[in-house]
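In: Just the structure for this:
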Amino acid sequence: MAAGSVSAESPMKKSVRYQLLPAIVLAIIWLTVLAVLSLWTANPVTVNRTQILNSQFILTARIIDPQKGTVELLELKQTRGEPFDQSLINKQINLQPARINWKKNSTRIFPVYRDKAGDWFITPAPLPKFNYIDYPATNSIRSEIAQILTHHS
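Out: Predicted coordinates:
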């Protein structure tokens, strides 16, 4: 071949390139599908059955002051114990332990108990870490909690 001449790409190289193209496109589509699935299904909320069953009450409350644990009680469902006066609805109570990761004005569901002094505590879940669990106030969480309480009775 003379210097400066342009050689044409061999038909064999073109054939291999076109054979790889569908595999590359398929791999990109597959990775995109996996990325979308991981975003949609990552870390679903799971209600801790033992925590719910060990609780005296299930509260739905709006967070007023995350630092102090102050919440406005929106709904009170008793799971066991003496009948309780519903007069605390729409009033503020303090929950312990307060969680600094709570978002002010968000509505959450809290499995709780009251001690003899009348203080409110989040019922601990039997987990090694993060055992004071609260839940987003969604219909699916409410339904799951109702199912746990119904099947236990």
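In: Isn't residue 95 up against residue 114?
Out: No: at 10.6 Å, residue 95 does not count as touching residue 114 under the criterion of C-beta atoms under 8 Å. Every residue, glycine included, has its C-beta placed from N, CA and C.
In: what about those two, which has more around it?
Out: residue 95 (24 against 14; other C-beta atoms under 10 Å).
In: Which residue, neighbours along the chain excluded, lies closest to that one?
Out: With C-beta to C-beta, 6 or more residues apart in numbering as the criterion, residue 95 has its nearest non-adjacent residue at 4.4 Å, and that residue is residue 69.
In: quick one: that neighbour from residue 38, how far?
Out: Separation of residue 69 from residue 38 (C-beta to C-beta, to the nearest Å): 34 Å.
In: Between those two, which is the more surrounded one?
Out: residue 69 (20 against 9).
In: residues in contact with the more buried one?
Out: 94-99 (C-beta atoms under 8 Å, 6 or more residues apart in numbering).
In: Likewise for residue 138?
Out: Residue 138 neighbours (C-beta under 8 Å, 6+ apart): residue 45.
In: what does residue 61 give?
Out: 71-75, 93, 95, 107-108, 110.
In: Which entries within the residues you listed meet the buried criterion?
Out: Among the contacts of residue 61, the ones that count as buried by 16 or more other C-beta atoms under 10 Å are 71-73, 75, 93, 95, 107-108, 110.
In: Mind checking which of those residues land in strands?
Out: In this view, those that belong to strands under DSSP state E are 71-73, 75, 93, 95, 107-108, 110.
In: Reformat those residues as JSON lines; add distance to residue 132 and pLDDT.
Out: Formatted as JSON lines, these follow (distance: C-beta to C-beta, whole Å; pLDDT from 0 to 100):
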{"residue": "71", "distance to residue 132": "14", "pLDDT": "96"}
{"residue": "72", "distance to residue 132": "19", "pLDDT": "96"}
{"residue": "73", "distance to residue 132": "18", "pLDDT": "94"}
{"residue": "75", "distance to residue 132": "20", "pLDDT": "91"}
{"residue": "93", "distance to residue 132": "16", "pLDDT": "93"}
{"residue": "95", "distance to residue 132": "9", "pLDDT": "94"}
{"residue": "107", "distance to residue 132": "18", "pLDDT": "96"}
{"residue": "108", "distance to residue 132": "12", "pLDDT": "96"}
{"residue": "110", "distance to residue 132": "9", "pLDDT": "95"}
